[in-house]
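Engineer: Fold the following and give me the result.
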Amino acid sequence: MKSWQEVFKPPFVQWEGMYYVFDAEDTFVFQFITTDEAQQKQVLEIINGTSDKKAQAKLEYKGGYIQDIAGRKLLLIRSWGHLTGVGGLNLPAEEARHIQDTFAGFILERLN
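Structural biologist: Next up is the predicted model:
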């Protein structure tokens, strides 16, 4: 079974003027739900390890979203099509789910 590190390659970058975040190989990895651009920038810096700050609220992973415990959504883990699609990695759903879940766990670890 592949790990998220084998599939998603840091650093993660946000394309200008978009809510989408891609890895170093241009794979779509997550989408910001928050529209706060300063928060988006800070989240990316924390995930990429260029900032040692932490999130101001306790975050959790639920239903594909990284959100605070009040349910306010920060970002949505993506790339299902890349992971499972014939034009992508064509992985079984269980392996793709594992990759997305462990990637979300990495993000939570960095942010919390």
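
Engineer: in this protein, which ranges drop under the pLDDT threshold?
Structural biologist: The model of the chain has no residue with pLDDT under 70.

Engineer: for the chain, what spans make up the helices?
Structural biologist: For the chain, the helices defined by DSSP state H cover 4-7, 37-47, 80-84, 93-111.

Engineer: give the contact list for the closest residue in space to Trp80 that isn't next to it in sequence.
Structural biologist: Closest residue to Trp80 apart from its sequence neighbours, by Cβ to Cβ, 6 or more residues apart in numbering: Ala96 at 6.3 Å. Bear in mind the C-beta positions are built from the backbone N, C-alpha and C, glycine included. By Cβ atoms under 8 Å, 6 or more residues apart in numbering, the contact list for Ala96 reads 80, 83-84, 89.

Engineer: Also Asp36?
Structural biologist: Taking Cβ under 8 Å, 6+ apart, one finds nothing in contact with Asp36.
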